[in-house]
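J.: could you look at this predicted model? Sequence included:
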Amino acid sequence: MYFGSVFHLGSVVLVLAVTAALWQILRRTNVKIQSITILCLMAVNVLQHFLKFFLYPQYRGMGFTLYCTAYNVCASLIIASPFVFLWGNRFFKNTLYFIGLAAGIGAVVFPYWFFGTPVRELGWQYFRFYLCHGLLFISSMLPLLLGFHQPRHQDFWQVGLGFLLILCVVLLNNVIFMTLGLYPEGAGQALYEQLVSVNPCMMMGPKENMAWFNRILELFSPSVFLGHNASGLYAPILWYAIPVYLGISLAAFVVFALLDWRNFRYNWKKH
């Protein structure tokens, strides 16, 4: 099987090696070349996402569908990346780079889409998956390594809020394109059922195979948003917004404090 195989480990090492090689090359160049390179990586990712029905055999003949839009977190980050890099403020850059890093490397290291899949059956879907998530990771890491964005420990709270904002964008995106009939697998389903069938990042409710994790989330969630409320439905995003925000903020606090250690230590001693 693919997961845990030499092929899987080699794929992870390749993404990390390409990131390190680009950093070593670009750190010896000027800012203009660095900016153009990062933008080109982001542009390639955006184009392969929008044009997947032309580029990849598994999507050929489907035309423009939900899967060419901001239908999940990674797709949203990919589409937004060049705009945030050029014109984003600190809030959006913190969101893009750190959520992009986590989403990119998380998908590469734990590609649950391929769990149980033999290596010989990976095909073009494997290439598409590692290309888009690898580029997402690389284009999120390089601006940090090259100094285009320097995190401040005071901004740690922005990442969790930014993640929830992305989920809101994803939800709105999916509602629009499902209503327009651009979700090919969801024909005949009610809108809520269609949203649950896609359910990126469990925004529409928990996954059945993660019962232990769901119990932890529900400890911090108001019961009115959960499936045992009067409607029996999980409130999109709100059902776990509190624990997700707290968890991401805690992780971001540690990361930002380490990256901005001198200022963090100074402010800590000052107070």
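T.: Arrived safely, thanks for sending.

J.: off-centre distance for the helix or strand hosting residue 42?
T.: In this assignment (DSSP states H and E), residue 42 forms part of helix 31-50. Its chain's C-alpha centre and that of helix 31-50 lie 17 Å apart, by C-alpha atoms, centre = their mean, to the nearest Å.

J.: in the helix or strand just after it, which residues are buried?
T.: Once the chain leaves helix 31-50, the next helix or strand it forms, by DSSP H and E, is helix 52-55. Buried residues in helix 52-55, counted by 16 or more other C-beta atoms under 10 Å: 52, 53, 55. (Each C-beta comes from the backbone N, C-alpha and C, glycine too.)

J.: quick one: the next helix or strand after helix 52-55 to helix 31-50, angle?
T.: Going down the chain from helix 52-55, the next helix or strand is helix 73-87, by DSSP H and E. Calculated by axes from the mean of the first three to the mean of the last three C-alpha atoms, to 10 degrees, helix 73-87 forms an angle of 150 degrees with helix 31-50.

J.: and helix 73-87, what other elements does it pack with?
T.: On a contact count with 3 or more C-beta pairs under 8 Å, 6 or more residues apart in numbering; DSSP states H and E, helix 73-87 meets helix 31-50, helix 90-109, helix 123-145, helix 157-179.

J.: so for the third one, what's the average pLDDT?
T.: In this case it means helix 123-145. The average of the pLDDT scores along helix 123-145 is 94.

J.: quick thing: my sequence starts at 437, can you match it?
T.: Sure thing, new numbering starts at 437, so read that last one as helix 559-581.

J.: what kind of secondary structure is residue 464 in?
T.: Three-state assignment for residue 464 (DSSP: H, G, I helix; E, B strand; the rest coil): coil.

J.: now do residue 675
T.: coil.

J.: wait, it touches residue 637, no?
T.: No - using C-beta atoms under 8 Å as the test, residue 675 is too far from residue 637 to be in contact (11.8 Å).

J.: follow-up on the earlier one: looking at the helices and strands packed on helix 509-523, which is nearest to residue 440?
T.: Among the helices and strands packed on helix 509-523, the nearest to residue 440 by C-beta to C-beta is helix 526-545 (10.9 Å).

J.: can you name every helix or strand that the closest one contacts?
T.: Using 3+ C-beta pairs under 8 Å, 6+ apart: helix 526-545 touches helix 442-462, helix 509-523, helix 559-581, helix 593-615.

J.: C-alpha coordinates for the shortest one, PDB please?
T.: This means helix 509-523. The C-alpha trace of helix 509-523 is given here as PDB (Å, rounded to 0.1, in the frame of the first residue of the first chain):
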ATOM      1  CA  VAL A 509      -9.300  25.100   2.600                       C
ATOM      2  CA  CYS A 510      -6.400  24.200   0.400                       C
ATOM      3  CA  ALA A 511      -8.200  25.300  -2.800                       C
ATOM      4  CA  SER A 512      -9.000  28.600  -1.100                       C
ATOM      5  CA  LEU A 513      -5.500  29.200   0.000                       C
ATOM      6  CA  ILE A 514      -4.100  28.400  -3.500                       C
ATOM      7  CA  ILE A 515      -6.500  30.800  -5.200                       C
ATOM      8  CA  ALA A 516      -5.900  33.600  -2.700                       C
ATOM      9  CA  SER A 517      -2.100  33.100  -2.500                       C
ATOM     10  CA  PRO A 518      -0.800  35.600  -5.200                       C
ATOM     11  CA  PHE A 519      -3.200  38.300  -4.100                       C
ATOM     12  CA  VAL A 520      -2.300  38.000  -0.500                       C
ATOM     13  CA  PHE A 521       1.400  37.900  -1.300                       C
ATOM     14  CA  LEU A 522       1.100  41.100  -3.300                       C
ATOM     15  CA  TRP A 523      -1.500  43.100  -1.400                       C
END
